[in-house]
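[1] Here's a sequence, model it:
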Amino acid sequence: MLTETFEKMTKKIITSLILILSTILIFSNTARYEVAKRVNMISAGSYPFSESYKLPYSETEVIKAIEKFKEKNPKYEVPEVSISSNNSFKLEDTRSENGLWFVAFLYDSNENRILNIALRGNETNTTLEFVSINNGFEIGHWKDINRDFSYDENQQLKNSFEKFYLNPIKQILKNE
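    Numbers count the residues shown, from 1 in each chain. Reported below is the predicted structural model:
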């Protein structure tokens, strides 16, 4: 009788612990972030993991604002890069091979990393995608936003991108 009561109590405790842990995992930001990363693995599109920002400006206006931003802030212009320490070259902002995206690069001199963004829009709206980061000047070590970083690192990178790049670009757009 005592053993039977003990077994029932143990089952209730274990069930309660599992329920509590499940609740914590479901509602924690990190857990939601990790689940979203896994779900995104089956997403279609050119940049399934990127962070998207909708801008109420034409693609042409946004491209010009990025160019102006780099002119005003030369420290954000990407220096020459290389692949496997071979010949160096300039990463040019340009239209993608399929013509659907305008791909641009920004430099973070404080962290010595290159940011890859992509734009796609029309005459009234543009989507700016914060795509990936490459550490250093040797190209080929790209890490995708919303995929290759922990939740905390990802939040920090997005906040930094918004503060130092996106918000100043938006300000240029407002003033034009």
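
[2] Every contact and neighbour count from this point should use C-alpha atoms.
    OK.

[3] Provide the secondary structure category for the closest residue to Trp142 other than its chain neighbours.
    Counting by C-alpha to C-alpha, 6 or more residues apart in numbering, Asn134 is the residue found nearest to Trp142 once chain neighbours are left out, at 4.4 Å. With DSSP: H, G, I helix; E, B strand; the rest coil as the basis, Asn134 sits in strand.

[4] Contact partners for Asn134?
    Arg113, Ile114, Leu115, Gly140, His141, Trp142, Lys143 (C-alpha atoms under 8 Å, 6 or more residues apart in numbering).

[5] This protein - how does it break down into domains?
    According to automatic domain parsing, the chain is divided into the following domains: 1-42, 49-175.

[6] Distance from the longest one to the middle of the chain?
    For domain 49-175, the distance between its averaged C-alpha position and the chain's averaged C-alpha position is 10 Å (C-alpha atoms, centre = their mean, to the nearest Å).

[7] Quick one: end-to-end distance for that domain.
    31 Å (C-alpha to C-alpha, to the nearest Å).

[8] Which residues belonging to stretch 59-72 are considered buried?
    Within stretch 59-72, the residues scored as buried using 16 or more other C-alpha atoms under 10 Å are Glu59, Thr60, Glu61, Val62, Ile63, Ala65, Ile66, Glu67, Phe69, Lys70.

[9] any weak-confidence spans in the protein?
    1-3, 6, 17, 19-45 (pLDDT under 70).

[10] I'd like the distance between the most centrally placed residue in it and Ile172.
    Closest residue to the average C-alpha location of the chain: Ile145 at 3.0 Å, with C-alpha atoms, centre = their mean. Using C-alpha to C-alpha, Ile145 is found at 25 Å from Ile172.

[11] so which of the domains of the chain is the most packed in?
    Greatest average neighbour count among these goes to domain 49-175 (a mean of 16), per mean count of other C-alpha atoms under 10 Å.

[12] Report the beta-bridge partners for Asp144.
    Residues in a beta bridge with Asp144, per DSSP bridges, are Ser132.

[13] tell me the strands in this structure, going along the chain?
    Ranges of strands in the chain, per DSSP state E, are 51-55, 94-95, 102-108, 113-121, 126-135, 142-144.

[14] what angle separates the fifth one from strand 102-108?
    In other words, strand 126-135. Between strand 126-135 and strand 102-108, the angle comes out at 50 degrees (axes from the mean of the first three to the mean of the last three C-alpha atoms, to 10 degrees).

[15] what angle separates strand 126-135 from strand 51-55?
    140 degrees.

[16] send the alpha carbons of strand 126-135 over as PDB?
    Below are the C-alpha coordinates for strand 126-135, written out as PDB (Å, rounded to 0.1, in the frame of the first residue of the first chain):
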ATOM      1  CA  THR A 126      11.300  48.200 -50.600                       C
ATOM      2  CA  THR A 127      12.300  45.300 -48.500                       C
ATOM      3  CA  LEU A 128      15.800  45.500 -47.000                       C
ATOM      4  CA  GLU A 129      17.200  42.200 -45.900                       C
ATOM      5  CA  PHE A 130      20.000  42.000 -43.300                       C
ATOM      6  CA  VAL A 131      21.400  38.800 -44.700                       C
ATOM      7  CA  SER A 132      24.800  37.800 -43.200                       C
ATOM      8  CA  ILE A 133      28.200  38.800 -41.700                       C
ATOM      9  CA  ASN A 134      31.700  37.900 -42.700                       C
ATOM     10  CA  ASN A 135      34.400  38.300 -40.100                       C
END
